[in-house]
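Asks: sequence first, then the predicted structure, then my questions.
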Protein chains: 2
Amino acid sequence: MKPFTKINNSEELGQYILKERKKLKLTQKEISEFTDVGRKFVLELEKGKTTAQIGKIFEVLNGLGLELHLIKRGES
Amino acid sequence: MKPFTKINNSEELGQYILKERKKLKLTQKEISEFTDVGRKFVLELEKGKTTAQIGKIFEVLNGLGLELHLIKRGES
DNA sequence: CATTAAAGTTTCCGATCGGGGACTTTTTGT
DNA sequence: ACAAAAAGTCCCCGATCGGAAACTTTAATG
């Protein structure tokens, strides 16, 4: 039930996205269909690819109903 | 004093990073020196480049003492 | 089991990343 | 106003992105 999840790197980002996609019972293909990203991108993003591009990541986050927040270290 | 700042796209990400860098009185060059990114990258990131790579973005966020958090829409 | 979908892998390829360095423009400080 | 620093632009180039499509492996369902 913890609402905020701190993400430290691409690895964790991918894992969180995967987990969330499963919760929503979506396939990688479905995400790639209602967002402007390819199937391979979703696949690689979930695997923690460090070179995934931020614009496409925002597309996926939006599609999954996830918000990105920034917090100054120490204030969380 | 709001601790959490919602970032909706690359544009906002760049603006926030710029603002934070100024607060810390750092130059783009300095950031590129103590992180593994080039000057040009910091420049373009702040300008909202949508193709900036996530791994390098994490480097900059770490360098600036910023944490990335994900929140489910509606729970913030 | 058998069948089908999903996930993961591989190849091809045009487009673009990001670093380095040189240069120009803008900002800063005295 | 002037000098210096910072920011922004430009070019070169090796490396890699991400889409598409075909294929293999894994998982799910009857």
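Replies: It's in.
Asks: so does the lengthiest helix in chain A get close to chain B?
Replies: Of all segments of type helix in chain A, defined using DSSP state H, the longest is helix A:10-23. Yes - counting by CB under 8 Å from any CB of the partner chain, contacts between helix A:10-23 and chain B involve A:10, A:13, A:16, A:20. Quick note: C-beta positions are derived from backbone N, CA and C, even for glycine.
Asks: so for that helix, what gets flagged as buried?
Replies: A:10, A:12-14, A:16-18, A:20-21 (16 or more other CB atoms under 10 Å in any protein chain shown).
Asks: stretch A:18-37 now?
Replies: A:18, A:20-21, A:26, A:28, A:31-32, A:35, A:37.
Asks: same list (the residues of helix A:10-23 next to chain B) but as JSON lines, adding pLDDT and distance to residue A:75.
Replies: As requested, the residues of helix A:10-23 next to chain B are exported to JSON lines (pLDDT from 0 to 100; distance: CB to CB, whole Å):
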{"residue": "A:10", "pLDDT": "97", "distance to residue A:75": "23"}
{"residue": "A:13", "pLDDT": "97", "distance to residue A:75": "21"}
{"residue": "A:16", "pLDDT": "96", "distance to residue A:75": "21"}
{"residue": "A:20", "pLDDT": "95", "distance to residue A:75": "25"}
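Asks: show the contacting residues for the nearest residue to residue A:28 once chain neighbours are set aside.
Replies: Excluding the flanking residues, the one nearest residue A:28 by CB to CB, 6 or more residues apart in numbering or on different chains is residue A:42, at 4.3 Å. Neighbour list for residue A:42: A:28, A:31-32, A:60 [criterion: CB atoms under 8 Å, 6 or more residues apart in numbering or on different chains].
Asks: quick one: secondary structure of residue A:42?
Replies: helix (DSSP: H, G, I helix; E, B strand; the rest coil).
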